[in-house]
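>>> Here is a sequence with its predicted model. Questions after.
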Amino acid sequence: MLWSLIKVLVFVAVVAALGLGASYLMETEGGVQVTVAGIEYTFGPLESVLGLLILLVGLWVVLKIASFLVALLKFLAGDETALSRYFDRSRERRGYRALSESLMALAGGEGKAAMAKAQRAEKLLGQPEITNIITAQAAEMAGDTKLAAEAYKKLLTDKTTRFVGVRGILKQKLVEGDKDTAKKLAEKAFELKPRHEEVQDILLQLQADAHDWKGARNTLNAKLKSGSLPRDVYTRREAVLALSEAQDIIDADASIEAREAAIAANKKSPDLIPASVMAARAYIKGGNDKYAARILKKTWSVHPHPDLAAAFAEIAPNETPAQRVERFKALTNVHPDDPETRMLATELLIAAEDFPAARRALGDLVETKPNVRVLTMMAAIERGEGAPEAVVRGWLGKAVTAPRGTRWVCDKCSQVHKDWMPICSNCGAFDTLSWREAPDDAVAGATGETMLPLVLADDPAPVPAAPMAPVTPVADPAQPMGEDAVDAPEAEIIDEPTPPRPDSVAPTEGETVDTDPIRR
């Protein structure tokens, strides 16, 4: 309000001043005489002032026209002028409009439209470092990999876009399956941007696939420094890489280095089961059973596992079943309610022919964890206690279709592996194997074929149970544990050779049938 009032007052003052000046000029005598071509022109004071103002305005217009003509001549000569800048700004506006439309088309999934708009934007803007990126991504979206590769190669010439070009070609090589070239490109991309998380992951995966454990450990260390990997995950994966390196050394028959690498891997991550087993076996090979037992006990306290029990059995391979039961209390007294601990104790007691204790150790696993291993041990207990053959076959019949139990399963693709490995053989993921039950857990067909004749055979007369031979605890139905274990992958009852007789014929009076224990 105040400002408006001030503007009104200023306007009134100016008008008043002009009016006062005009009246003063009109009252003033004299004037200005101008002679042009012999003709005199006389102007009064007011007319003289107005003529002077008109003359100044005309002079300004002439100067502007002259400057325009000069700028036009320079424009025609190719020099930068206001006129050229005007056209440049117009071209720039159209170029950015085309660039914006290409980005919108790219975001909307219209690859061909995005390429067309990007080409128009490049002609108008002359900035290939922007339009080539859009062209490459749009070409990939449209399925034109050749055009995308050409666009990425153009980006390699500019240091500001070189990383984008290397990364784009890297992705194409991964899709093509050219891992050797992809590894070199990933190393170059990592050199350009060592803190880029995606490049770190790709390079680590490719190095692990190529068994370049030293390079993988350097990449893992870079991930830790960049903050993209938690400290506990880094420690475990560093141990996995050390263990993988140790396994390769073992394959190369360099036992001393293998022992050192295995022990180092175990120290980095004591709960890594394969590292503990390898380190324990390295100590056993070196005659240091005490250290081997200590490693296995420590890992068992974290995660009971059959591989640990297998390695623990190798410490004293020639002990009797009773001695083994006593020595294994160092493991079975730890986590006594764990299913793996109970199954281990049951196997040991079966080998020692203490079948009532084996039944007590097995407990309710028949109802809660009815897998092949549990049901097979139950059949062994029934056979050892002199149960009818039909009862034994009944347990074996259940085992035919029972789940296999816990195994090494990939957390990414659910592929089941017989042994632990750092890289999934199916999807190629690194450090994704965990000891758990598979989603679709069923017994392999070979197991059913092995048991089928025993299940379908006619029920013979009850046969007294023969004394059971010592059975070495096994780690898994597919992996025998210890030197005395039998190689059969699943549970089966094997009769000692007797005179050939059909299963449907019962033994004659006074005749006995000698049977071996159930073998894993």
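Received, thanks.
>>> In the stretch 251-400 of the chain, where is pLDDT below threshold?
For the stretch 251-400 of the chain, the stretches flagged by pLDDT under 70 are 251-263, 265-266.
>>> Helices along that one, start to end?
Listed in chain order, the helices of the stretch 251-400 of the chain (DSSP state H, counting those that start in this stretch) span 255-268, 273-285, 289-302, 306-313, 321-327, 329-332, 339-351, 355-362, 365-368, 372-384, 389-400.
>>> Show me where the stretch 401-520 of the chain dips below the pLDDT cut-off.
Residues of the stretch 401-520 of the chain that meet the cut-off, pLDDT under 70, sit at 440-520.
>>> what's the burial count for residue 315?
Each residue near residue 315 was counted by other Cβ atoms under 10 Å, and the total is 17. Using the backbone N, CA and C atoms, a C-beta is placed for each residue, glycine as well.
>>> swap in residue 190?
Each residue near residue 190 was counted by other Cβ under 10 Å, and the total is 21.
>>> Could you double-check that it lies in contact with residue 196?
Yes: in this structure, residue 190 is within contact of residue 196 by Cβ atoms under 8 Å, at 7.5 Å.
>>> circling back: could I get the helices of the stretch 251-400 of the chain in TSV, plus columns for distance to residue 35?
Listed next are the helices of the stretch 251-400 of the chain as TSV, based on distance: least, Cβ to Cβ, whole Å:
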stretch	distance to residue 35
helix 255-268	110
helix 273-285	116
helix 289-302	118
helix 306-313	123
helix 321-327	138
helix 329-332	130
helix 339-351	126
helix 355-362	136
helix 365-368	128
helix 372-384	130
helix 389-400	133
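>>> closest to residue 418 out of those?
Minimum separation from residue 418 across the helices of the stretch 251-400 of the chain (Cβ to Cβ) falls at helix 306-313, 11.6 Å.
>>> so what secondary structure elements neighbour the closest one?
helix 273-285, helix 289-302, helix 329-332, helix 339-351 (3 or more Cβ pairs under 8 Å, 6 or more residues apart in numbering; DSSP states H and E).
>>> between that helix and helix 273-285, what angle do the directions make?
Angle of helix 306-313 versus helix 273-285, following axes from the mean of the first three to the mean of the last three Cα atoms, to 10 degrees, is 10 degrees.
>>> mind checking how far residue 208 is from residue 267?
For residue 208, the distance to residue 267 equals 21 Å [Cβ to Cβ, to the nearest Å].
>>> How about residue 178?
38 Å.
>>> ditto for residue 285
Taking Cβ to Cβ, one finds residue 285 at 18 Å from residue 267.
>>> And the lengthiest helix in the chain, how far out from the chain middle?
Longest helix of the chain, by residue count under DSSP state H: helix 45-77. Here helix 45-77 shows a centroid-to-chain-centroid distance of 74 Å under the convention Cα atoms, centre = their mean, to the nearest Å.
>>> downstream neighbour of it in the secondary structure list?
helix 82-107 (DSSP states H and E).
>>> Next, the buried residues of that following helix.
By neighbour count on 16 or more other Cβ atoms under 10 Å, the buried set for helix 82-107 is 95, 98-99, 101-103, 105-106.
>>> Please name whichever of the helices and strands packed on helix 306-313 is nearest to residue 408.
Here helix 273-285 is closest among the helices and strands packed on helix 306-313 (Cβ to Cβ), at 9.5 Å.
>>> Only alpha carbons, please: show the closest one as CSV.
Only the C-alpha atoms of helix 273-285 are listed here, as CSV (Å, rounded to 0.1, in the frame of the first residue of the first chain):
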residue,chain,number,x,y,z
ILE,A,273,32.2,-77.2,9.1
PRO,A,274,34.3,-78.2,6.0
ALA,A,275,37.2,-76.0,7.3
SER,A,276,37.1,-77.7,10.7
VAL,A,277,37.0,-81.2,9.1
MET,A,278,39.9,-80.4,6.8
ALA,A,279,42.0,-78.8,9.6
ALA,A,280,41.3,-81.8,11.9
ARG,A,281,42.4,-84.2,9.2
ALA,A,282,45.5,-82.2,8.7
TYR,A,283,46.3,-82.5,12.4
ILE,A,284,45.5,-86.2,12.3
LYS,A,285,47.9,-86.6,9.4
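>>> what comes up buried for that helix?
Those buried within helix 273-285 under the rule 16+ other Cβ under 10 Å are 273-284.
>>> and which of those residues is nearest residue 330?
Nearest member of the buried residues of helix 273-285 to residue 330, counting by Cβ to Cβ, is residue 280, at 13.2 Å.
>>> Any chance of TSV for the buried residues of helix 273-285, columns distance to residue 300?
Converted to TSV, those look like this (distance: Cβ to Cβ, whole Å):
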residue	distance to residue 300
273	9
274	14
275	14
276	9
277	11
278	15
279	14
280	11
281	15
282	18
283	15
284	16
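>>> quick one: which of those residues is nearest residue 64?
Distance to residue 64 across the buried residues of helix 273-285 (Cβ to Cβ) is lowest for residue 275, with 86.5 Å.
>>> Isn't the closest one up against residue 281?
No: using Cβ under 8 Å, residue 275 makes no contact with residue 281, being 11.0 Å away.
>>> just for the stretch 51-200 of the chain, where's the confidence low?
75, 78-85.
>>> Please name every helix or strand in contact with the longest helix of the chain.
Partner elements for helix 45-77 (3+ Cβ pairs under 8 Å, 6+ apart): helix 2-27, strand 32-36, helix 82-107.
>>> how about the ones you listed, which one is nearest residue 430?
helix 82-107 (32.3 Å).
>>> Beyond the closest one, next helix or strand please.
The C-terminal neighbour of helix 82-107 among helices and strands, as given by DSSP H and E, is helix 111-125.
>>> could you give the angle of that next one to helix 82-107?
Using the same axes, to 10 degrees: helix 111-125 against helix 82-107 is 160 degrees.
>>> roughly how far out does helix 111-125 sit from the chain middle?
The answer for helix 111-125 is 35 Å, by Cα atoms, centre = their mean.
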